[in-house]
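Asks: model this:
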Amino acid sequence: MNLGEIEQLRGELAAFVAEVFASVPRKDTRGWGDCYLRGLMLDGRRKSIQPMAERLPDGDMQALQQFVNQSPWDHAAVLRAVAVKTVPVVDPVVWVIDDVSFPKDGRMSVGVARQWCGALGKQSNCQVGVSLHAASDTASVPVSWRLFVPAEWQDDAERRARTDMPEEVGHREKWRLALDLIDEAIAWGLEPKVIVADAGYGQITAFRHGLAERGLDYVVAVRSDESAHPHDALPTAPNWSGNGRKPAPRYRTKAGSLQALATDGGRKTFRQAAWRRGSKGPMRSRFRVLTVRPAGVATRTHTMARAGGAAAWDGVLPETTLLSEWPTGEKAPTEYWLTSLPTDTPTRHLVRLAKMRWRIEHDYREMKHGLGLDHFEGRTWRGWHHHVTLVTAAHAFLTLRRLDPKAQAPA
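Replies: Reported below is the predicted structural model:
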């Protein structure tokens, strides 16, 4: 937007800021929130503080720096207010877990480390944020964020102090951060939806079990080499002499890969399904749905623990629905998902849920290219969380306007 368009929205934006920043006690602090959001939405290549302040008529670089990096306002309270206002309007079908990377130079930005950087497609120096999004077919919004703290930061007192990282914050795996985000959103009063995630999360057995323990359905991507038994495979009890502990039943055949199970029967077992309309018409591919029993040490250990130990477990691995995609022209299936939804769920519905992650890529693209998500140049824990919260608020404001049939486009 240019300055004229921003000015036309001043009243509407002021009302939005007053509502979502209601937890911020000082009026002048809320005013700098309004200013920062206008800076994010205003046209310009860089959305770091100095260029935003220079473009805004009321911009003050020092005041904006203080607002983002030092002011003690609670970012979680603002995120909650944004989510409570925006998510019901989006009317989500799924909640999507994902993460986004922020390439960085040096080693002093909070949480920075040499790790997989999706933005660059390789190992590189970056920060990683885990995010939860509410998504429908027509819109999506970020709900909340967690900054991933690499293991090397756990006991690095110097860097923790220089970035003002709270004492209680430490290294925590991304899948655990994802569960924390889900728990937080539910505590805010949001109605949970089917959880969707890529293989970075879906491949982790503990993450899937964590969702199941919370009573949440999921459709998560997994790798083709994930091991599983066919649904009709059952364990048998070994011979027992009567001495010592009775051995637990076990599967006599070795678990196969999901690819082997999906392709058993050939391409003819896959059926065509469309999941949404793209710019060139309906998006279609070929899919198969079947029931499997995921194997692996982690699955056995968790199932055994839930049963009350080895002595109480009957050895039967739980059933899970497998959805696989075999596009025309490919030599083998290319995508696999495990889901807690039953196999009699319409294939088109399962595919629609699995493919809903495209909305999140749209979120990231809009927040990065349009709203400066990755333009923050500060180094502190507070500054990073304040910036992503403000970008989330700007994104929510624009999303609400798009979804409001009464909203007038700026002249």
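
Asks: in the longest helix that the chain contains, what counts as buried?
Replies: Counting residues, the longest helix found in the chain (DSSP state H) is helix 381-403. Of the residues in helix 381-403, those with enough neighbours to count as buried (16 or more other C-beta atoms under 10 Å) are 381-401. All C-beta spots, glycine's among them, are computed from the backbone N, C-alpha and C.

Asks: equivalent analysis for stretch 329-338, please.
Replies: Buried residues in stretch 329-338, counted by 16+ other C-beta under 10 Å: 333, 335-338.

Asks: now do stretch 99-119
Replies: Buried-residue list, stretch 99-119, by 16+ other C-beta under 10 Å: 99-102, 104, 109-113, 115, 117-118.

Asks: ends of it, how far apart?
Replies: 11 Å (C-alpha to C-alpha, to the nearest Å).

Asks: for it, the averaged confidence score.
Replies: When the per-residue pLDDT values of stretch 99-119 are averaged, the result is 95.

Asks: isn't Met283 up against Ala274?
Replies: Yes: Met283 is in contact with Ala274 according to C-beta atoms under 8 Å; the separation is 6.2 Å.

Asks: tell me which residue lies nearest the centroid of this structure.
Replies: Central residue of the chain (C-alpha atoms, centre = their mean): Ile97, 2.0 Å from the mean position.

Asks: the helix or strand where it lies packs against which elements?
Replies: Ile97 is part of strand 94-103 when elements are defined by DSSP states H and E. Judged by 3 or more C-beta pairs under 8 Å, 6 or more residues apart in numbering; DSSP states H and E, strand 94-103 is in contact with strand 113-117, strand 122-135, helix 174-187, strand 194-197, helix 358-365.

Asks: tell me which of these sits nearest to Asp74.
Replies: Distances from Asp74 to each of these were compared by C-beta to C-beta, and the smallest falls on helix 174-187, at 13.2 Å.

Asks: what does that closest one rub up against?
Replies: Contacts of helix 174-187 from elsewhere in the structure, counted by C-beta atoms under 8 Å, 6 or more residues apart in numbering, are 76, 83, 95, 97, 99, 128, 130-132, 143-146, 148, 172, 192, 195, 197, 200-201, 204, 206-207, 210-211, 214, 216.

Asks: list buried residues within these.
Replies: Going by neighbour count (16+ other C-beta under 10 Å), the contacts of helix 174-187 have 83, 95, 97, 99, 128, 130-132, 143-146, 148, 172, 192, 195, 197, 200-201, 204, 207, 210-211, 216 buried.

Asks: would you map out the domains in the chain?
Replies: When the chain is parsed with automatic domain parsing, its domains come out as 3-69, 211-231+250-355.

Asks: and these: which comes nearest Glu366?
Replies: Shortest distance between Glu366 and the domains of the chain, using C-beta to C-beta, is found for domain 3-69: 11.2 Å.

Asks: and that closest one, end to end?
Replies: For domain 3-69, the first and last residues are 26 Å from each other (C-alpha to C-alpha).

Asks: repeat for stretch 306-314
Replies: First-to-last residue span, stretch 306-314, C-alpha to C-alpha: 12 Å.

Asks: mind starting the numbering at 83 from now?
Replies: In the new numbering, first residue 83, that becomes stretch 388-396.

Asks: quick one: average pLDDT of that stretch?
Replies: Throughout stretch 388-396, pLDDT has a mean value of 70.

Asks: and if you look at stretch 426-439?
Replies: According to the model, stretch 426-439 has a mean pLDDT of 96.

Asks: contact partners for the nearest residue to Val194 once chain neighbours are set aside?
Replies: In this structure, Val194 finds its nearest non-sequential neighbour in Lys186, 4.8 Å apart by C-beta to C-beta, 6 or more residues apart in numbering. When contacts are counted by C-beta under 8 Å, 6+ apart, Lys186 touches 194, 207-209.

Asks: gap between Lys186 and Gln132?
Replies: Counting by C-beta to C-beta, to the nearest Å, the separation of Lys186 from Gln132 is 18 Å.

Asks: thinking again about what came up before, in TSV: the contacts of Lys186, plus distance to Ala380.
Replies: Below are these laid out as TSV (distance: C-beta to C-beta, whole Å):
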residue	distance to Ala380
Val194	30
Asn207	31
Cys208	28
Gln209	28
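
Asks: if we can go back for a sec, point out the most buried one among the helices and strands packed on strand 176-185.
Replies: Burial among the helices and strands packed on strand 176-185, expressed as mean neighbours by mean count of other C-beta atoms under 10 Å, is greatest for strand 276-279, which shows a mean of 27.

Asks: closest to Thr383 out of the helices and strands packed on strand 176-185?
Replies: Closest of the helices and strands packed on strand 176-185 to Thr383 is helix 256-269, at 16.2 Å (criterion: C-beta to C-beta).

Asks: run the chain-centre distance for the closest one.
Replies: Here the centre of helix 256-269 is set off from its chain's centre by 10 Å, with C-alpha atoms, centre = their mean, to the nearest Å.

Asks: next, the angle from that helix to strand 176-185.
Replies: Following axes from the mean of the first three to the mean of the last three C-alpha atoms, to 10 degrees, one obtains 130 degrees for the angle between helix 256-269 and strand 176-185.

Asks: quick one: average pLDDT of helix 256-269?
Replies: Computed over helix 256-269, the mean pLDDT rounds to 98.

Asks: and what of stretch 310-322?
Replies: Averaged across stretch 310-322, the pLDDT comes to 86.

Asks: which parts of that stretch are buried?
Replies: 310-313, 315, 317.

Asks: which residues touch the worst-scoring helix or strand of the chain on mean pLDDT?
Replies: Between all helices and strands in the chain, the lowest mean by mean pLDDT, DSSP states H and E belongs to helix 379-389, at a mean of 75. Here helix 379-389 makes contact (C-beta under 8 Å, 6+ apart) with 287-288, 291, 330, 392, 395-396, 399-400.
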